[in-house]
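>>> What follows is a predicted structure for the sequence shown.
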Amino acid sequence: MLWGFPQYQKKGLLINARAETVLEKKMFRESVLHRRCVIPARQFYEWDAEKNKAAFREKNESVMFMAGFYNRFSDGDRFIILTTGANIPVVKTKEKN
């Protein structure tokens, strides 16, 4: 699958959706209710206020799994990662940078 939903009437892609509001968004509602998926990854990134990037990965694991959902578009199936607020280790790392 391709990563990101095309934005309607705008350029670019939407790559993440907030779990707290995903059901309120017309663009995401049907997909998150009926087309869920699991996304394997080695790591993910977070950025602090100064745009410094920090990588996060599971110790002693080669893969982690993230929640997502997908939809079919004219160029094929596309997925979005479902996100939520940062947990304590991520917040502390962002504060250090």
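That came through, no problem. Numbers count the residues shown, from 1 in each chain.
>>> contacts, neighbours, all on C-alpha from now
OK.
>>> so where do the helices sit in the chain?
Counting by DSSP state H, the chain has helices at residues 26-34, 88-96.
>>> For this structure, which strand extends over the most residues?
Counting by DSSP state E, the longest strand found in the chain is strand 64-73.
>>> and that one, what does it pack onto?
With contacts defined as 3 or more CA pairs under 8 Å, 6 or more residues apart in numbering; DSSP states H and E, strand 64-73 has these neighbours: helix 26-34, strand 36-41, strand 76-83.
>>> out of the ones you listed, deepest packed?
Greatest average neighbour count among these goes to strand 76-83 (a mean of 18), per mean count of other CA atoms under 10 Å.
>>> hang on, Val32 packs against Leu23?
Yes. Between Val32 and Leu23 a contact is recorded at 7.5 Å, counting by CA atoms under 8 Å.
>>> Mean pLDDT lowest where, among the helices of the chain?
Among those, helix 88-96 has the lowest mean pLDDT, at a mean of 52.
>>> can you pull up the bridge partners for Cys37?
Gly68 (DSSP bridges).
>>> how much space between it and Phe28?
13 Å (CA to CA, to the nearest Å).
>>> try Ser62
Ser62 sits 30 Å away from Phe28, taking CA to CA as the criterion.
>>> on that earlier part again, same question for the longest strand of the chain: list its buried residues.
By neighbour count with 16 or more other CA atoms under 10 Å, strand 64-73 contains the buried residues Gly68, Phe69, Tyr70, Asn71.
>>> measure the second one to Glu61 for me?
Here the distance between Phe69 and Glu61 works out to 24 Å (CA to CA).
>>> in this structure, what spans have low per-residue confidence?
Within the chain, the stretches with pLDDT under 70 are 86-97.
>>> And Thr21, how far from Leu2?
According to CA to CA, Thr21 stands 23 Å off from Leu2.
>>> same question, Ile39
12 Å.
>>> How many residues are close by the closest residue to Pro6 other than its chain neighbours?
Of all residues not flanking Pro6 in the chain, Leu13 sits nearest, at 4.6 Å (CA to CA, 6 or more residues apart in numbering). When neighbours are counted by other CA atoms under 10 Å, Leu13 registers 13.
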